[in-house]
Structure formats: C-alpha cells, structure tokens
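Asker: The amino acid sequence is not available; the structure is as follows:
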C-alpha cells in the first residue's frame, strides 16, 4: 500500500460536481453535494475552481445558493476576472467575445481600433456565426494573432446531454488564423495556480475533485495535487481506461469528502 | 525558360474568380469574367469546380447567369451531389448538417436512428450553436466517429470581408470528438478527380484557376495540373511569399484566359 497523503484543503469543480446545468434554469443539485460543501466549510479549507465563463462569481454563488448549496462568492474562482487582470497587467487591448454577465470585469478594457488579442468565453445562446466570424477577422488582422480562451474543454455536460465546448472553437480559430492560444482555465497551470494560491497550501496537500478526467484530474495531478474523479456530470464509463489515473474514483462528491474526513483528512 | 505546356482545358473556381459573394444578394461579377467564360466555351473546354456548399448546381448556374456570366448547369461541380453519391456507394447513413438548397441530393439518405457519419456543409446564416452541437453529439455517440466535410477551407471571401469557413468547424469537431475527417472539396484529390474526369483530359493538360493559393493552386499542382492564381477574391499580397508557387499569377481571370488563348493554348 502506498503512503497516505494528508489533505489539508479542497478545490472543487462546480458544474457536474455540485450541480448539473440546464439551459435557462438554475439546473439541478447533485444529491448530497450541499451537505458535502458544508462539511468542508466546517472541517477543512475549500475553494471552487470552475471554468464557468457565462456568469460572474456573484451569480455563480447565488445560483448555487438557490439550489441549497451554500457556496460563498469570495470562494468562487472563474476565468473572467483573472483574464481581465491578465490583460491589464500585460497592456492588452482585447476584442471581447464574452457573455454580458462577465463584461463588468473588463471595465476600462473597452475595445480600441487596434485590438491586440481576442478574449473568448462564449458558447451556447450568445454564440453565433457572426460573433465567431468577428473574432476571426480581428485575429486575421493582427500581426501576431493572440487568443485568450476561458477554458479549453472539449465538451461540457448539460442536463439534455453533452455540449461542444470552447476548446473546440479555439481550435477552429487556430485552424483559420494560426493564432497563439493561451488558456486561462483548467487545465492550465497558470489557472490552477490561482486556486492553490487562494487556499494558501502546498499543492501536495490539496485534493482537486472534478468530473473531467483530462482537465480536472490530469491538470491537478500535473500541478502536484491529488486528483479525485466523480462519477457525476460528464463522467463516462470509458474514463476507467483513460491514460489519466485518478488517485480516487467515487460515485459523487459527498462520498469523496466523507471518506477523506472520516480517514482523519488523509487519502 | 522552361518548356511551354499545352492547355487543353480549364477548371475554374467560382467564388472570387467569377464573382464576389454578398450575403442575401447575388453578389457582384468580377470585371470581364463573363467575357473570359465565353471565350473558354468558344475556344476550349471548361468546367467549374467550386467548394460552394450552399446552393444546388442549378442555382449556382442561375445566379451566375443573372450576373451575366453564361455558365451551364451541367458544367458546374459542387461537393453536395458528390458527397451524396459517396454515401450511397458506401452504405453510409448520414446525419445532415447542410443547407436546404442541397438537401434534395440526399433524397433516400434521410437520417436513421443510428447515423454512421456526419455530413457538414453549413456556415453563415444556418449555422448555430445548436446545429454544430447536434453534429457533435451524433459524432460522440459513434464507435468510429466519421465526418465528411464539403471543403476544408480556412476562410472564404464575402464582399464585407473574409469569413471563417467550414474547415475551421471541422477542426472544432475533430478537437471535440477525435473524429476521422474526409474532405470532399478542394484541395482533396478525390474531389479534383471529379473535375479531371468531367473534362476528360490528362491532368497535365488542365489549368486550374483560383483565388485560394493553398486549396486551388496547391491542390491542383499536387494533382499534376497547372495552377493559376488570380489577384481577385481572397487574394492577399502575402500570397506572393507563400510556399505554394503558382505557375502564373494574374490580375483576374480574363487576363489568364486571354494570355493562354493568344499564346496558342500554351503557358
């Protein structure tokens, strides 16, 4: 048996771990995820690291609270505010292909005549040929086309089934313009670092719990964290044979939390 | 000086060579393209090899005729009927992500419960997140996901500017599903072969005239044809330094036709 590892803090993915989304509604809480979150607030340290690109941190927290999951806004980490900060620090003038709800993060970064990057964080209802085409044209006109994408996923899980995600449209823009692509979202180390910093722990002391084996589990393990796969959200049986090997596979968030806390915060 | 080559027949790209498209209208004829086409009908052999995926061959010809360019329907080659024939010969049951105007080519290939390929030929107005997402889901459910795309271009030229083309969305679906992609459109040899067969000539005797240096010129040269680049349509000055070297670069279709016919059908 391998040595047990101390778990001093948790990073939780949100969609597919705490709840499943359904377009136009708040979605549906995953059974006992509310209880698991409360156990973590009471007994450990917890932050919520999501690739959600459609809602502000305040609205992400409010939605979860409406589902009975008491997540605090200040513990939510999503790409949009981090991308905006990155643009400010690097004097980037972005063309924004993003959702309205996160637009306020980009205040003061309104589009100029000569954008030098495209920020993409839109799929589903606000996605259209015209909007991706506008992003394409902006990239085509840049000397060094540069795309920042809020996540690089292949698909996300909605109640009605899997949905093609933003990584696919980043691949489309890269194919068409040969742009450089920077992902500020899981599984980039740049983004995981935000979660590690927020917890104030060493990566080896943190358990990342997610439903995406490549992005959540593989990404966390690459950063030295413990990676725990849940069989909810976008879980598919073929993940059992995936090259990424989770440190633990559980039926749901609650099972993982219960096991670790009952084992004296070890795995 | 290199030896002159006999030119016994012509393959002409349509958009950007004969006319420029403008959404919702017939577009605008490129100056003297009508004259050039007539000269070819009178003095040589000519077929029109387009990656147009939005209109039937009949409507492609009618549109050109309304612009004063007398192209005959039977000389137009577009991907849709060739894709439909390919599906029939190979017992494929496609999920169709195509334009209404080409749907009749797929009569008898209506979708079954278990499609074993996706046929994609839609950008612009009929493109939506829901439709590409449906194609994505169909591919995700296949044991061996297989996508047939009507062309693999990076972008096409519209009067209002370049537009991201279907190759980018094929890249998106490949990223998300790891599907096999078959392009039935330029620059695939399979597709150029249709034009060569229609002319009934040896490839070395055919001049392909197009505005896309990689797809039209590079693709034609790879098949042993002469590749002629026009400075209309999607032409960009940086093509001068492109790794593909056209056999001839001209300002427009008319200039190429005039030069070759006046030089006793040689180049």
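Answerer: It's in. This one's a predicted model, so the numbers in the text were calculated from it and none came from an experiment.

Asker: which stretches of chain A form helices?
Answerer: A:33-43, A:57-66, A:79-89, A:129-140, A:166-177, A:189-199, A:219-222, A:253-262 (DSSP state H).

Asker: Could you pull out the buried residues of the shortest one?
Answerer: Right, helix A:219-222. A:219, A:220, A:221 (16 or more other CB atoms under 10 Å in any protein chain shown). In this view, the C-beta of every residue, glycine as well, is placed from N, C-alpha and C.

Asker: Kindly report the same for the third one.
Answerer: Within helix A:79-89, the residues scored as buried using 16+ other CB under 10 Å are A:79, A:80, A:81, A:82, A:83, A:84, A:86, A:87.

Asker: ok, now the fourth one?
Answerer: For helix A:129-140, the buried set under the neighbour-count rule, 16+ other CB under 10 Å, comprises A:129, A:132, A:133, A:134, A:135, A:136, A:137, A:138, A:139, A:140.

Asker: Excluding chain neighbours, give the residue nearest to the last one in space.
Answerer: If the residues on either side of it in the chain are set aside, residue A:140 comes closest to residue A:177, at 5.4 Å by CB to CB, 6 or more residues apart in numbering or on different chains.

Asker: Report how many residues lie close to that neighbour.
Answerer: 25 (other CB atoms under 10 Å in any protein chain shown).

Asker: show me the residues around it that make contact.
Answerer: For residue A:177, the contacting residues are A:136, A:139, A:140, A:145, B:154, by CB atoms under 8 Å, 6 or more residues apart in numbering or on different chains.

Asker: who in chain A is up against chain B?
Answerer: A:123-125, A:127-129, A:132-133, A:136-137, A:140, A:154-155, A:161-165, A:167-169, A:171-177 (CB under 8 Å from any CB of the partner chain).

Asker: Going by neighbour count, which of those residues are buried?
Answerer: A:123-124, A:127, A:129, A:132-133, A:136-137, A:140, A:154-155, A:162-165, A:167-169, A:171-177.

Asker: separation between residue A:59 and chain B?
Answerer: 21 Å (CB to the nearest CB, to the nearest Å).

Asker: Look up the pLDDT of the closest residue to residue A:102 other than its chain neighbours for me, please.
Answerer: Using CB to CB, 6+ apart and skipping residues adjacent in sequence, the residue nearest residue A:102 is residue A:80, 3.8 Å away. Looking at residue A:80, its pLDDT stands at 98.

Asker: From residue B:45, how far out is the closest residue to residue A:43 other than its chain neighbours?
Answerer: Once flanking residues are discounted, residue A:43 sits nearest to residue A:261: 5.7 Å by CB to CB, 6+ apart. Relative to residue B:45, residue A:261 is positioned 80 Å away (CB to CB, to the nearest Å).

Asker: Near the residue nearest to residue A:266 when sequence neighbours are not counted, how many other residues are there?
Answerer: Counting by CB to CB, 6+ apart, residue A:4 is the residue found nearest to residue A:266 once chain neighbours are left out, at 4.2 Å. Per other CB under 10 Å, the neighbour tally for residue A:4 reads 11.

Asker: And residue A:100, by the same measure?
Answerer: Residues near residue A:100, counting by other CB under 10 Å: 11.

Asker: show me where pLDDT drops low in the stretch 1-150 of chain A?
Answerer: A:1-2 (pLDDT under 70).

Asker: Do a quick rundown of the strands in it.
Answerer: Counting by DSSP state E, counting those that start in this stretch, the stretch 1-150 of chain A has strands at residues A:9-12, A:19-20, A:28-29, A:46-49, A:76-77, A:94-98, A:117-121, A:146-149.
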